[in-house]
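[1] below are the sequence and a predicted model for it; my questions follow.
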Amino acid sequence: MQQAFVSVAAKRQTFRAGLASGKMLRFPGAISPLCAKLIERKGFDGCYVSGAVLSAQQALPDIGLTTATEVIGASGAISAATALPTLVDADTGFGEPVNVARTVAALEAAGLAGCHLEDQRLPKRCGHLDNKELVPVEDMCRKIRAAREIRADDSFLLMARTDARALEGLDAATERARAYVDAGADAVFPEALANEAEFEAFRAAIDVPLLANMTEFGKSPLLSLDQLRNLGYNMMIYPVTLLRLAMAAMERGLDVLARDGSQEGVIPDMQTREQLYDLLDYDGYGRFDASITNFQL
Ligand SMILES: C[C@](O)(C(=O)O)[C@H](CC(=O)O)C(=O)O
Ligand SMILES: [Mg+2]
């Protein structure tokens with residue numbers, strides 16, 4: 001069933017409380033609403049909605065081609081499918097401060113627990129690629145102030161991401177982060193830090209909750225839950241992990257279909273019909289109309 005029993009307010013409170021708890025929150029990237037249900041079932045703390053994944057799912061590169069409407073719709077659907085709080089990647093906010101204000105208002109109305117905005121210039125790119133470009137600090141601060149001003153619910157988390165490390169160095173990145181916190185950001189996402197010492201230095205410089213991006217094949221080392229907790233980080237994301245796993249499984253499966261002319265060889269790798277229906281909670285729907293579940297699997 002849709003999670004009608006967990007209010008948006010409760011999800012945001014859970015997220016805020018988790019960030020304040022000293023625990024390390026783990027948010028895998030949900031590639032669909034169904035995937036969000038699996039993340040919840042496996043006991044994670046929340047779902048992340050990745051811009052890279054949303055772009056890739058439309059067969060687009062992650063360069064700011066997706067529209068605000070697409071991101072609001074997709075992330076709202078993911079958030080609605082789970083009792084967990086959902087944090088969405090709002091890229092650059094889709095324009096100038098006025099656009100950012102409208103984006104944030106819509107994400108809030110769509111039931112998200114929070115979003116992050118980054119300081120790249122369009123066309124943006126994955127934070128782990130070379131030759132990014134940044135907007136001036138003050139332009140980013142204006143976006144954060146706009147987001148802060150439009151926000152109706154103070155518990156909707158506004159996170160500022162800085163991509164400055166790769167371009168301006170660690171000190172400039174922490175300075176930017178401080179400016180973003182002064183402008184009203186509730187939390188910070190330092191992108192593409194190069195090693196553990198940099199994660200540590202960032203923690204020492206910034207007082208608000210910090211997110212660690214554990215994306216594969218990038219510029220940051222893949223630090224463990226314990227390492228990041230000991231470094232004082234508050235949450236970690238595995239933004240593209242499930243997409244990468246799913247795509248590799250699909251590729252292997254397609255190879256088998258093409259080779260064998262039958263799916264027999266990959267049946268053991270599949271989620272069964274029973275498992276799918278269980279995740280979709282057919283029984284829950286059957287409570288309202290018993291004829292929905294009058295079948296045997
Ligand atoms: C976190 C990120 O912004 C995303 O969209 O998921 C990406 C992840 C990636 O491309 O690996 C990023 O810019 O780090
Ligand atoms: Mg992104």
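    Yep, it's here. Ligands and ions are numbered 1, 2, ... in the order given.

[2] quick check on the residue in the stretch 151-297 of the chain that ligand 2 sits nearest to: phi, psi?
    Going by CB to the ion, ligand 2 is nearest to Pro239 of the stretch 151-297 of the chain, at 7.1 Å. Glycine gets a C-beta too; all of them are placed from N, C-alpha and C. Main-chain torsions, Pro239, degrees, to the nearest 10: phi -60, psi -40.

[3] can I assume it is in contact with Glu216?
    No: in terms of CB atoms under 8 Å, Pro239 does not count as a neighbour of Glu216; the distance is 9.3 Å.

[4] these two: which is more packed in?
    Set Pro239 next to Glu216 and count neighbours by other CB atoms under 10 Å: Pro239 wins out with 25 against 12.

[5] follow-up on the earlier one: the residue of the stretch 151-297 of the chain closest to ligand 2 and ligand 1, how far apart?
    3 Å (CB to the nearest ligand atom, to the nearest Å).

[6] look at the closest residue to ligand 2 within the stretch 1-150 of the chain and say how many residues are nearby.
    Across the stretch 1-150 of the chain, the shortest distance to ligand 2 (CB to the ion) belongs to Gly51, at 3.3 Å. The tally of other residues near Gly51 (other CB under 10 Å) stands at 24.

[7] for it, list the residues it contacts.
    Asp62, Thr66, Val71, Asp89, Ala90, Asp91 (CB atoms under 8 Å, 6 or more residues apart in numbering).

[8] out of those, who has the most neighbours?
    Ala90 (29 neighbours).

[9] pairing partners for Met159 in the sheet, please.
    His116, Ala187 (DSSP bridges).

[10] what's the burial count for it?
    Under the neighbour criterion other CB under 10 Å, Met159 is assigned a count of 26.

[11] cool, the one 10 residues further on as well?
    As a burial measure, the neighbour count of Gly169 was computed by other CB under 10 Å and equals 11.

[12] how much space separates it from ligand 1?
    18 Å.

[13] again with Glu133
    Distance from Glu133 to ligand 1, by CB to the nearest ligand atom: 14 Å.

[14] what residues does this structure put near ligand 2?
    Contact residues, the chain versus ligand 2 (CB under 5 Å from the ion): Gly51, Ala52, Asp89.

[15] ok, now with 8 Å
    Where the chain comes near ligand 2, counting by CB under 8 Å from the ion, the residues are Ser50, Gly51, Ala52, Asp62, Asp89, Asp91, Glu118, Lys124, Cys126, Gly127, Pro239.

[16] most widely separated two among these?
    Lys124 and Pro239 (14.7 Å; CB to CB).

[17] ok, back up a step: so who does the residue of the stretch 151-297 of the chain closest to ligand 2 touch?
    Counting by CB under 8 Å, 6+ apart, the residues that Pro239 touches are Gly29, Tyr48, Ser50, Ala52, Val53, Asp89, Asn213, Thr215.

[18] how many neighbours does the fourth one have?
    The number of residues packed near Ala52 is 20, by other CB under 10 Å.

[19] can you tell me how far it is from Ala101?
    24 Å (CB to CB, to the nearest Å).

[20] please apply the same query to the third one.
    With distances taken as CB to CB, Ser50 is found 23 Å from Ala101.

[21] which element follows the host helix or strand of Arg161 toward the C-terminus?
    Remark: Arg161 resides in strand 157-162, with elements defined by DSSP states H and E. Toward the C-terminus, strand 157-162 is succeeded by helix 165-168 as the next helix or strand (DSSP H and E).

[22] quick one: contacts of that next one?
    So helix 165-168 is contacted by 127, 130, 132-134, 173, 176, 190-194, 198, 219 (CB under 8 Å, 6+ apart).

[23] so which of those residues wins on neighbours?
    Of those, with other CB under 10 Å as the count, Pro190 tops at 30 neighbours.
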